[in-house]
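S.K.: Sequence first, predicted model second:
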Amino acid sequence: MCFKSNSLLLNLNLKNHIRLKRVLEHSIYLAIIFILLPVFIYFELCIVLPAVVEEWSVPFLIHYCCASFLILNIIGNMIFGMFTDTSVRGRMSHFRNKESWGYCSECDFFRPPRAWHCDTCDLCILKRDHHCTFFACCIGHFNYRYFIMFTLDVFVAMLYAFYYNVQFLSQFISWNHGLIIIKFLFPLASFVIDFGPESVYVFLVLINFLVALFTGFLFFYHINNVLNGKITPENKNSLKSVHDKGWKCNLIEVLGTRWHLTWISPFIYSPLPGNGFEWDIDDKTD
């Protein structure tokens, strides 16, 4: 009896520790996003753009519209991704054929194929791909679309911004006995050595470049998985996925029946053909 009590107490403490870690971890990353994003938007639209394009000219207004489109899509896909529930919870009562389902000891019930338990969320997630720290939730069957489009929009925005950031920096940057190289290699150290607008601008452009690399890698990695009918846990197997139905059907499975319009806005309704529980592995096309 004492052993059971200690075991329950240990499990409770472990779950509380995981929850606390999740809250702290996500709070830090979300704070970075909600602080860095407004700063970056201000830098690009209020400092860089007027310096490289004549203010309130036709090109200036076009750039403003393009930037607003990307910002709305980035924020919209992030919000939809965060608040779209893709867990197994509350969705299983009407499914009777559970022969191919596996047992989850953490949740103490049978879960459908391609569903995995997330220790951070403490839930089984439908078609779980991974846990996204920036979304503060798991990426699964119902919100994979928003994650894919979020990475694409951020990648395009970073490339777009980087092109004009280079033009902006070239207007005032100076060699200064090699100090500019230190600012690029050690941007935080340059704040101490030579703090000023130039150091801040170099730091923001470096962040811009690194985020472009990171989100570009994420987008191309995940879109390759999508086109091959795989999720990240299944990608360890180099063989062809048993869920591969051809690139178009694979795209529709993730982006929905209006897959060709989902890049325009997260608000466009694009219903998914599946329910996340039942997977037909026989209906494959080459």
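M.R.: Received, thanks.

S.K.: residue boundaries of the helices in the stretch 1-150 of the chain?
M.R.: With helices called from DSSP state H, counting those that start in this stretch, the stretch 1-150 of the chain shows them at 2-42, 49-52, 58-83, 144-170.

S.K.: Mean pLDDT for those - can I get that in JSON lines?
M.R.: Below are those laid out as JSON lines (pLDDT from 0 to 100):
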{"stretch": "helix 2-42", "mean pLDDT": "66"}
{"stretch": "helix 49-52", "mean pLDDT": "91"}
{"stretch": "helix 58-83", "mean pLDDT": "94"}
{"stretch": "helix 144-170", "mean pLDDT": "93"}
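
S.K.: can you tell which of those is closest to Asn235?
M.R.: For Asn235, the closest of these is helix 144-170, at 13.9 Å, according to C-beta to C-beta. C-beta coordinates here come from the backbone N, C-alpha and C atoms, glycine included.

S.K.: quick one: the residue nearest the centre of the chain from Cys137, how far?
M.R.: Most central in the chain under C-alpha atoms, centre = their mean is Phe147, positioned 4.5 Å from the mean C-alpha point. Phe147 is 10 Å from Cys137, where distance means C-beta to C-beta, to the nearest Å.

S.K.: shared neighbours, those two?
M.R.: Both Phe147 and Cys137 are contacted by Gly81, under the criterion C-beta atoms under 8 Å, 6 or more residues apart in numbering.

S.K.: Next, count neighbours for Phe203.
M.R.: Applying other C-beta atoms under 10 Å, we find 16 residues neighbouring Phe203.

S.K.: same question, Ile148
M.R.: 25.

S.K.: Roughly how far does the nearest residue to it once chain neighbours are set aside sit from Asp129?
M.R.: Using C-beta to C-beta, 6 or more residues apart in numbering and skipping residues adjacent in sequence, the residue nearest Ile148 is His222, 5.9 Å away. Distance from His222 to Asp129, counting by C-beta to C-beta: 8 Å.

S.K.: list residues touching both of these two?
M.R.: Common neighbours of His222 and Asp129 (C-beta under 8 Å, 6+ apart) are 147, 232.

S.K.: Looking at those two, which has the bigger crowd around it?
M.R.: In terms of neighbours (other C-beta under 10 Å), Asp129 is the more surrounded of His222 and Asp129; the figures are 27 against 23.

S.K.: The more buried one and Lys98: what is the separation?
M.R.: 23 Å.
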